[in-house]
Every structure is written in C-alpha cells, then in structure tokens.
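>>> what follows is a protein structure lacking sequence information:
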C-alpha cells in the first residue's frame, strides 16, 4: 500500500490536516472504544504529528511528545490505525517511524508511553518494557512502558 507519510509540528498543520487528525482520534478513541474523555488536552500544540495518508484519507497517526510534556522523557501517544487498515503491519511501521522521529527531534533517548494493556505484547515487540502496575484511564486498563535507547 502506497502511503504518504508526513510529520509536522502543530504550528505547521493545515486546517485540513488538523481536522482529519481530530476526526480520526474521535472515530477510534471516542466512538469505536466507546470512551468519553477530553481528547484536547493542550499538549497537541507542543508536539509533532505523524500522519499516514492514503490518497486524501488519514489512515494512521501518532503524536510525538517532547520530554517534560507528558513524562520526564520523550513520548509517543494517540497511536491510531484506522480500523479497516489494521492487521497489515501498519501499526508497527507507524511506531517504528515514531521512534525514529523521537530520536531525530529530541536526541537519542529513552521513550515512555502510556499503553492500553491489551497492546502490551505489540509494544514489547518494539522494545518497550512495562514499568508500572495496571491503572485505569478513562475506564480502560493501561500500563506505562519504557523503551530504553539502545
């Protein structure tokens, strides 16, 4: 599948890109996961936004978060693959690109994430290790995970 990968800082996003990001996040995190939560958390404007476009449809996205915004180290959040494009390796590619961008933007360092518990094995396959007990966030089981820079 031919995708157009684009990463931009919030200040450089077009209104079309921002709308597509917020639409996809609502589609997955609010509607699909049946979870009412405050997605707009004032962090977006401090972050980089990685987008995978298939023609003019946003099908994958992640938020690249600088150290000190969510955690005391860089982070990757709001990781999404549109439902009909899952199970084809796109999530893995999205995360690998996100990890490389963390290194590029913030220097080679460790990365900390808050992961939904059911994705633990997926993130472990990318070098992340659990470093917290299970906690509930917006009614969903989560764990914190760290990927130590090799």
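Received the coordinates, thanks. Note that the structure is predicted; figures quoted are calculated from it, not measured. Numbering: from 1, shown residues only.

>>> mind listing the strands the lowest-mean-pLDDT helix or strand in the chain pairs with, and their directions?
Ranked by mean pLDDT, DSSP states H and E, the weakest helix or strand in the chain is strand 135-137, scoring a mean of 91. The sheet places strand 135-137 alongside strand 140-147 (antiparallel), with pairing taken from DSSP bridges.

>>> can you give me the buried ones in the strand it pairs with?
Residues of strand 140-147 classed as buried: 142-147 (neighbour count, 16 or more other CB atoms under 10 Å). Any C-beta I mention is one placed from the backbone N, CA and C, and that applies to glycine too.

>>> which of those residues lies closest to residue 2?
residue 147 (28.5 Å; CB to CB).

>>> mind checking pLDDT for that closest one?
For residue 147, the model assigns a pLDDT of 96.

>>> got it, and residue 107?
89.

>>> quick one, what contacts it?
With CB atoms under 8 Å, 6 or more residues apart in numbering as the criterion, no residue contacts residue 107.

>>> backbone dihedrals for it, please?
Per-residue torsions, residue 107: phi 90, psi 160 (degrees, to the nearest 10).

>>> quick revisit: go through the buried residues of strand 140-147 and name the one nearest residue 6.
Of the buried residues of strand 140-147, the one sitting nearest to residue 6 (CB to CB) turns out to be residue 147, at 23.4 Å.

>>> look up the residues forming beta bridges with that closest one.
Judged by DSSP bridges, the bridge partners of residue 147 are residue 111.

>>> that one touches residue 99, doesn't it?
Yes: counting by CB atoms under 8 Å, residue 147 touches residue 99, with 7.0 Å between them.

>>> what is in contact with those two at once?
111, 126-127.

>>> which of those lies closest to residue 92?
Among those, and counting by CB to CB, the member closest to residue 92 is residue 126, at 7.1 Å.

>>> that closest one belongs to a helix, doesn't it?
No: if the criterion is DSSP: H, G, I helix; E, B strand; the rest coil, then residue 126 is coil and not within a helix.

>>> that older thread, in CSV, list the shared contacts of residue 147 and residue 99 along with distance to residue 41, neighbour count and pLDDT.
Shown next, in CSV, are these (distance: CB to CB, whole Å; neighbours: other CB atoms under 10 Å; pLDDT from 0 to 100):
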residue, distance to residue 41, neighbour count, pLDDT
111, 19, 26, 97
126, 24, 17, 97
127, 26, 16, 96
